[in-house]
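1. below are the sequence and a predicted model for it; my questions follow.
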Amino acid sequence: MGTDASTTDDAVNTTITVDAQESNARKIFEMGTKNCPRSIHLWHAWAMHEQSLGNIEKARELLDKALELDKWNGYVCHSYGLLEMQCGDWKRARHLWQQGLTSNPSAALICSLGNLYTTLGHPESARELYSTYLTQLPSGREKVEVYLVASSLEETVFHDLEKASDLLKVALSDKTVKDSRAYMALCRLGSTGGKVDDAVVKKRLKDICTKQLETYSVDGDNGVALFPVKDGRLFNAWAKLESKSGSLFEAKAILKKGMKLYPKDHTLFQAAGNIEERLGNFTVARDLYSASLHIEPSAPTLIAYAMLELQSPVDGQTANITMARRLFQEALSLDLKHGPTYNAFANLERRLGNIDNAKQLYQDGIRANCTDPSSVYHGLAKLHLSLGEVEEARNVLQRGLGLFKTNDNSIFVKRNENVAFLAHTLAMIELNCNNNAKVAKQILNQGLWHCRSSSPLLLGVALCESRLGNEQNARQMFEQAIKADESHAQAWQAFGVMEMRAGNYRSAKTLFECGLKNSPTHGALWQAYATLESRIGNVANARLLFAAGIQKCPKHVPLYQAWASLEMRDGDIITAKRLIGEALTRDKRNGSGWLVAAKIEEKMKNHGLVGLILRRGIECAPLDTDLYGALAEHEISRGRINSAREILEKAIEINPMHAPLYHSLAELEARVFNIEGLARLNKRAAELFQTDATLSPPPTKAMQAWGKKIKQGRMAKIPDGIAALAEKIGFDSENDCMIGGLSIGDIDPETLIDSIGLSGDGDELILQEN
């Protein structure tokens, strides 16, 4: 994608628009309250505006002025109470809500006060509050709001599904009520506690949607559905579940029925456009997005349209950058607090190389105090990571995650599933960069409080438990991650790798084959399975799996690298060179490929070529510290101590947290009796790792646990948890291996290798330029 002349202007104009709108709004409020000083609505609206900008004291001042005009105004009391709750003063919030209820009961006041009672540990008070005020509410719409929270209370706190169901049915017995949320709650009843799964929810939705279609057919094609629902929410939810299970054509058919029934529901058209886009019908998707915008412009639809223009342009070649920018700007003009718009817009600028503009857009999103800021903070953190600014990314993620408390340190907290992205990325930084599994686990648990069934978060906890040496806890978390999402290939792979390292090869084999049955195009699963077979001596099977993996995932370069390593160990140097040559042709920036190429030449005693290959690898992958370590070892073997020292010091400068580099440099200094240099290195290592650089890294608890398991012997029986997972997806370990539509016995590795062309001999291929 290229840039155009309007790049800077478009991004800057967005910032100017935000500032100008804030300033103009304040001026209008000032003029309005000056001319209409007794207008409670103006004082209230101005206070909400200031609160949205983070000006809390100013908002309090304005709300006080409104209450001076009408002490019992329910709208003002409710807003003021929410502000105080946001600031942590629940006593003041309770007083304000009770004050508002005195003369003007409303669903908003009742629900807020009831939620406060519940979070303070007094659910009985909430139950009494709901039953007392339900009869005093003037409209069916208001009553439905209270019935919804009352039903949720019975389900989640008192665990009385029958009473929860009765409350919803009472709400729906009022034929004037057309709120689809009550039907939605009835369909999902029991899912919060895990008593019903998606299949049950899907059946309930199907039954209700079928009734809607039957009532529609009574009045003919031009009639209106007699079923008392005003929108297509139920059809959308049903289609979403079908889409989640991979049934895109079924989801498409459901949405088509919904659009016929509710032609004014723009969300149905947007959802249908998304399905068509996923099916590759881009022209149809454009038409549906346009229809949705024609019915009702919305930021989510504008974003979807913009992303379609970027990823699948009309001409099939050039992304329409100008149109995408205009769509993003229009989305912000509709909703200045829509976090995903800032994220998508800034991400576009980042990909175009306009880093300053991207940062400015993210800062605008943070300053706008978005209703859901997680996407803005996560996007800014990813920007920092793309620039190699890990600590800056960590700080941004901590700030973002700090906005979403849990029930352990805050009250009246709403769950937010989008927190999963923040928690997962921050935890992976702690786990992989800072090697702090304990802190990573705490972060992941915070995310799980908001999103209990997030497979990536559950997998993260499993990895932390594994790193901490808690093997049994890790197994339980792996099983939960897979149950949450059977198509999560990384969960199957990581679980299998843990069992493989523990020596539980039969369990690992079952996990890899189950994972491949669900995700046959996941290259890392093929690689892990092939590695397992090679470790237990089944080299022929390993070759078959590598060949099958490449046939399914030809772009997964590590498959070529691992296969080349296998052939090198088995003595087939020609095949090994051909495979690693193909790997480097496909991706020369992957440092592992150069390491394998160097090992091949070392085995062939081509020592001069080893150094050339490693130096070429560093040119192509300058941040891969393993290449520096290998080159330093090579230089030491050639007697070039000073060169090796310079290489290791350069590597430490690139990645100061990579402990093995300090150990290698310490060994070098000890070898030449450089006591002063060794002392300096030890001091630096002690400051970073609280350890002596001369000591080899101790085995972790996890590795000790795995070693103990291997010594005790391999497990002959697959554990019940793994067996249950295999049975659920219909996998039979006794049958011949048929994975992803491929019978492994039908794969011919020799034919695949012969199809990899060579230009000249192996040495020329490995060292050639672009």
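-> All right, it came through fine.
2. can you tell me the SS state at the nearest residue to D197 once chain neighbours are set aside?
-> With sequence-adjacent residues excluded and distances taken as CB to CB, 6 or more residues apart in numbering, D197 is closest to S191, at 7.4 Å. Backbone N, C-alpha and C define where each C-beta goes, glycine included. Judged by DSSP: H, G, I helix; E, B strand; the rest coil, the three-state class of S191 is coil.
3. just give the number of residues close to G571.
-> 9 (other CB atoms under 10 Å).
4. contact partners for it?
-> Under the criterion of CB atoms under 8 Å, 6 or more residues apart in numbering, G571 has no neighbours.
5. and what of F478?
-> Contacts of F478 (CB under 8 Å, 6+ apart): 459, 462, 491, 494-495, 498.
6. ok, now with 7 Å
-> 462, 491, 494-495 (CB atoms under 7 Å, 6 or more residues apart in numbering).
7. please apply the same query to G721.
-> 475, 479.
8. what pLDDT is listed against it?
-> Looking at G721, its pLDDT stands at 74.
9. over to T8?
-> Note for T8: predicted pLDDT of 49.
10. tell me where the model's unsure across the stretch 401-550 of the chain.
-> Across the stretch 401-550 of the chain, the ranges flagged by pLDDT under 70 are 406-415.
11. what do you get if the cut-off is 80, keeping everything else the same?
-> 405-417, 433-434 (pLDDT under 80).
12. show me where it has helices.
-> 419-432, 437-450, 455-467, 471-484, 489-501, 505-518, 523-535, 539-552 (DSSP state H, counting those that start in this stretch).
13. distance between the fifth one and the chain's centre?
-> Put plainly, it is helix 489-501. Its chain's average C-alpha position is 20 Å from that of helix 489-501, according to CA atoms, centre = their mean, to the nearest Å.
14. now stretch 552-561
-> So, by CA atoms, centre = their mean, the centroid of stretch 552-561 is 25 Å from its chain's centroid.
15. tell me which of the helices of the stretch 401-550 of the chain lies nearest to A358.
-> A358 lies closest, by CB to CB, to one member of these: helix 419-432, at 17.2 Å.
16. now do that closest one against helix 455-467, angle only.
-> 20 degrees (axes from the mean of the first three to the mean of the last three CA atoms, to 10 degrees).
17. ok, and for helix 419-432, which residues are buried?
-> 419-431 (16 or more other CB atoms under 10 Å).
18. same question, stretch 609-618
-> Neighbour-count burial for stretch 609-618 [16+ other CB under 10 Å]: 609-611, 613-614, 616-618.
19. ok, now stretch 511-521?
-> For stretch 511-521, a neighbour-count test (16+ other CB under 10 Å) marks 511-520 as buried.
20. as a markdown table, the residues you listed with distance to S453 would be great.
-> Formatted as a markdown table, the buried residues of stretch 511-521 follow (distance: CB to CB, whole Å):
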| residue | distance to S453 |
| --- | --- |
| L511 | 20 |
| F512 | 24 |
| E513 | 25 |
| C514 | 20 |
| G515 | 19 |
| L516 | 24 |
| K517 | 22 |
| N518 | 17 |
| S519 | 19 |
| P520 | 24 |
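21. which one of the contacts of F478 sits in the busiest neighbourhood?
-> F495 (31 neighbours).
22. chain neighbours aside, what residue packs nearest to that residue?
-> F478 (3.9 Å).
23. what distance do you get for the one you found to T510?
-> 13 Å (CB to CB, to the nearest Å).
24. and the buried residues of helix 419-432, which is closest to P37?
-> Using CB to CB, V419 comes nearest to P37 of those, at 42.6 Å.
25. contact partners for that closest one?
-> Contacts of V419 (CB under 7 Å, 6+ apart): 374, 401, 404, 447, 450-451.
26. tell me who's in contact with the closest residue to it other than its chain neighbours.
-> In this structure, V419 finds its nearest non-sequential neighbour in H450, 4.1 Å apart by CB to CB, 6+ apart. Contacts for H450 (CB under 7 Å, 6+ apart) come out as 404, 415-417, 419-420.
27. may I see these arranged in JSON lines, with distance to E124 as well?
-> Formatted as JSON lines, the contacts of H450 follow (distance: CB to CB, whole Å):
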{"residue": "F404", "distance to E124": "28"}
{"residue": "R415", "distance to E124": "23"}
{"residue": "N416", "distance to E124": "27"}
{"residue": "E417", "distance to E124": "29"}
{"residue": "V419", "distance to E124": "30"}
{"residue": "A420", "distance to E124": "33"}
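28. what about the stretch 51-200 of the chain, any weak spots by pLDDT?
-> 174-178, 191-197.
29. that one: helices as residue ranges?
-> Using DSSP H, counting those that start in this stretch, helices in the stretch 51-200 of the chain cover 56-69, 74-86, 90-103, 107-119, 123-134, 140-156, 161-173, 180-188, 198-218.
30. what's stretch 621-630 in contact with?
-> 589-591, 594-595, 598, 614, 617-618, 647-648, 650-651, 654-655, 658, 660-661, 664.
31. which among the residues you listed count as buried?
-> The neighbour-count test (16+ other CB under 10 Å) marks 590-591, 594-595, 598, 614, 617-618, 647-648, 650-651, 658, 661, 664 as buried among these.
32. of those, which belong to strands?
-> Among these, no member is found in strands (DSSP state E).
33. S386: which of the buried residues of helix 419-432 is nearest?
-> Within the buried residues of helix 419-432, proximity to S386 (CB to CB) peaks at T425, which comes in at 12.3 Å.
34. so the closest one touches A381, yeah?
-> Yes - look at T425 against A381 with CB atoms under 7 Å: they come within range, at 6.2 Å.
35. what sits in contact with each of those two?
-> If you check T425 and A381 against CB under 7 Å, 6+ apart, the residues they both contact are L397.
36. next, the buried residues of stretch 528-541.
-> For stretch 528-541, a neighbour-count test (16+ other CB under 10 Å) marks 528-534, 541 as buried.
37. any chance of the residues you listed in a markdown table, with distance to E389 too?
-> As requested, the buried residues of stretch 528-541 are exported to a markdown table (distance: CB to CB, whole Å):
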| residue | distance to E389 |
| --- | --- |
| A528 | 32 |
| Y529 | 37 |
| A530 | 37 |
| T531 | 34 |
| L532 | 38 |
| E533 | 41 |
| S534 | 39 |
| N541 | 44 |
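38. spatially, which two of those are the most separated?
-> Maximum pairwise distance in the buried residues of stretch 528-541, criterion CB to CB, is 13.5 Å, between A528 and N541.
39. where's the most centrally placed residue in the chain relative to A726, distance?
-> Nearest to the mean C-alpha position of the chain, by CA atoms, centre = their mean, lies F421 at 4.2 Å. F421 sits 30 Å away from A726, going by CB to CB.
40. closest one to I574 out of the contacts of F478, please.
-> The closest of these, once distances to I574 are taken by CB to CB, is A494, at 34.3 Å.
41. for the stretch 601-750 of the chain, which segments count as helices?
-> 607-620, 625-637, 641-654, 659-671, 675-689, 701-712, 720-728, 749-754.
42. among those, which is nearest A564?
-> Across the helices of the stretch 601-750 of the chain, A564 has its closest neighbour in helix 749-754 (10.5 Å, CB to CB).
43. average model confidence for the closest one?
-> In the prediction, helix 749-754 has an average pLDDT of 74.
44. so what's A126 up against?
-> A126 makes contact with 114, 117-118, 153, according to CB under 7 Å, 6+ apart.
45. check G365 too.
-> Contacts of G365 (CB under 7 Å, 6+ apart): 339, 342, 376.
46. got the contact list for the last one?
-> Right, V376. V376 neighbours (CB under 7 Å, 6+ apart): 339, 342-343, 362, 365-366, 370.
47. okay, the buried residues of helix 419-432 in JSON lines with distance to A45 next?
-> Formatted as JSON lines, the buried residues of helix 419-432 follow (distance: CB to CB, whole Å):
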{"residue": "V419", "distance to A45": "30"}
{"residue": "A420", "distance to A45": "34"}
{"residue": "F421", "distance to A45": "33"}
{"residue": "L422", "distance to A45": "32"}
{"residue": "A423", "distance to A45": "35"}
{"residue": "H424", "distance to A45": "38"}
{"residue": "T425", "distance to A45": "37"}
{"residue": "L426", "distance to A45": "37"}
{"residue": "A427", "distance to A45": "41"}
{"residue": "M428", "distance to A45": "43"}
{"residue": "I429", "distance to A45": "41"}
{"residue": "E430", "distance to A45": "43"}
{"residue": "L431", "distance to A45": "46"}
